[in-house]
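Student: Structure of the sequence below:
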Amino acid sequence: PGPACYGIGGTCPTVTDANLILGYINPAYFNGGSMGLDREAAEQAVAEHVASPLGLSVAEAAWGVHLIATGNMEHALRVVSVERGRDPRRYAMVAFGGAGPLHAARIARAIGVEQVVIPRAAGVGSAVGMLAADARLDVSLSRILAVTAENTPAIAAVYTDLEARLTTDLDRLNQNGEPRFRRFAYMRHSGQGFEIHVDLPGGPITDDFTAKADAAFRAAYKARYLTGDPAAVVEAVDWGLAAIIPRERATTTATALPSTGEPPTTRDAWFPEADGFTPTQVWRRDAIGPDTQIRGPAIIEDAESTTILLPGDTARLGQGGHLMIAINQAL
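Tutor: The predicted model follows:
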């Protein structure tokens, strides 16, 4: 039944209930105002299941829920960055989804990211991607083969089979456009119990193919783990082939949307940096002009998502109307 604040039967608190209690979500503008949220129901759920058992105020309990959710997202981000040898401080973070921008600035500060990008239509980013992305069809085959010169004929036979299967499937789909084929495999050092995804060279599979595939694996392995085993034989477990059919799309010039000129409003929102609930500017995203600079604490509302700006952070519109947040690392 969803969060308690949806009013459709939920009685257990969720992260959405917590964010509503903290003042981050506008109960009158959720989903662009197409549905209202019940703050009292959210407070009752948090009080019963979290605040009372722990001896906390409802606001403190809601803040704890928000922090735990943020911490889980931070951990997931570390898994795909720090634990793979990538320094997140070298990158910008792109936040999307309805709730991602609610937590992004605090995650960025925790891991040292200096810039957060909230794309236009961030809350419906998956739908936008499905409409814009090229069509793709994958086939794969499991067969353990050492990536050595003597196995070149066997590897060529695998890809001949995969291409035949893909051609049959593409004929059924009746897609317009000429497909591009891309080879990949899941590879490892011989004797290891796990594999990594490696893109393989295209073109005819001739005598030098295995040497190129071996080099591609070793480069990918070293980039991820900063080490390798030059003496170990490389083997592939799963062989894959993808057909990518380019989709025709209109050419557009990315420009910021014109501002509606609507002035910001104010509501109380929870920021521990400001000692709890504090009057906070609330902007509608379509009211932000190209020269407007917003200083945190602030809340920026879209029809399908909400962005939180922490004290000390600043935001402006970049090219294409994407929201650019500069994170203040000193706080």
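Student: Is Thr307 within a helix or a strand, and which one?
Tutor: For Thr307, the element it lies in under DSSP states H and E is strand 306-309.
Student: got the contact list for the closest residue in space to Glu304 that isn't next to it in sequence?
Tutor: With sequence-adjacent residues excluded and distances taken as Cβ to Cβ, 6 or more residues apart in numbering, Glu304 is closest to Gly123, at 2.9 Å. The way it works is simple: take the backbone N, C-alpha and C, and place the C-beta from them, glycine included. Residues near Gly123 by Cβ atoms under 8 Å, 6 or more residues apart in numbering: Phe96, Gly97, Gly98, Asp302, Ala303, Glu304, Ser305.
Student: can you list contacts of the lowest-mean-pLDDT helix or strand in the chain?
Tutor: Lowest on mean pLDDT, DSSP states H and E among the helices and strands of the chain sits helix 125-132, with a mean of 85. Here helix 125-132 makes contact (Cβ under 8 Å, 6+ apart) with Phe96, Gly97, Pro119, Ala121, Arg247, Arg249.
Student: Only C-alpha atoms, please: export it in CSV.
Tutor: The C-alpha trace of helix 125-132 is given here as CSV (Å, rounded to 0.1, in the frame of the first residue of the first chain):
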residue,chain,number,x,y,z
GLY,A,125,15.0,9.7,-16.3
SER,A,126,14.4,6.0,-17.0
ALA,A,127,11.4,6.8,-19.2
VAL,A,128,13.4,9.4,-21.1
GLY,A,129,16.2,6.9,-21.5
MET,A,130,13.9,4.2,-22.9
LEU,A,131,12.6,6.7,-25.5
ALA,A,132,16.0,7.9,-26.5
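Student: Pull out the buried residues from it.
Tutor: Gly125 (16 or more other Cβ atoms under 10 Å).
Student: Then stretch 25-39?
Tutor: Ile25, Asn26, Tyr29, Phe30, Leu37, Asp38, Arg39.
Student: same deal with stretch 145-164?
Tutor: Per 16+ other Cβ under 10 Å, stretch 145-164 contains these buried residues: Leu145, Ala146, Val147, Thr148, Asn151, Thr152, Ile155, Val158, Tyr159, Leu162.
Student: what pairs with the second one across the strands?
Tutor: Think Ala146. Glu235 (DSSP bridges).
Student: I figured it hits Ser190, correct?
Tutor: Yes. Shown here, Ala146 and Ser190 form a contact pair, counting by Cβ atoms under 8 Å, at 6.7 Å.
Student: Overlap in contacts, the two.
Tutor: Shared contacts of Ala146 and Ser190 (Cβ under 8 Å, 6+ apart): Val233, Val234, Glu235.
Student: out of these, which is most surrounded?
Tutor: Val234 (24 neighbours; other Cβ atoms under 10 Å).
Student: Excluding chain neighbours, what is closest to that one?
Tutor: Nearest one to Val234, counting by Cβ to Cβ, 6+ apart, is Val147 at 4.6 Å.
Student: what's downstream of the strand or helix carrying Ala18, the next helix or strand?
Tutor: Here Ala18, judged by DSSP H and E, is contained in helix 15-21. The first helix or strand that comes after helix 15-21 along the chain, using DSSP H and E, is helix 39-46.
Student: List the buried residues in that next one.
Tutor: Arg39, Ala41, Ala42, Glu43, Gln44, Ala45, Val46.
Student: Now do the helices in the stretch 201-331 of the chain.
Tutor: 209-225 (DSSP state H, counting those that start in this stretch).
Student: for it, what spans make up the strands?
Tutor: Remark: strands assigned in the stretch 201-331 of the chain by DSSP state E, counting those that start in this stretch are 234-245, 265-271, 276-284, 294-295, 298-301, 306-309, 314-317, 323-326.
Student: can you pull the contacts of Pro101?
Tutor: Ala95, Ile118, Ala122, Ile300, Ser305, Thr306, Thr307, Ile308.
Student: Can you tell me how far the residue nearest to Val234 is from Pro153?
Tutor: 13 Å (Cβ to Cβ, to the nearest Å).
Student: Then Ile196?
Tutor: 25 Å.
Student: try Pro101
Tutor: 53 Å.
Student: Over to Gly10?
Tutor: 60 Å.
Student: Quick one: classify the residue located most distally from the centre of the chain as helix, strand or coil.
Tutor: Most distant from the centre of the chain: Glu150, at 41.9 Å, with distances by Cα atoms, centre = their mean. Counting by DSSP: H, G, I helix; E, B strand; the rest coil, the backbone at Glu150 sits in helix.
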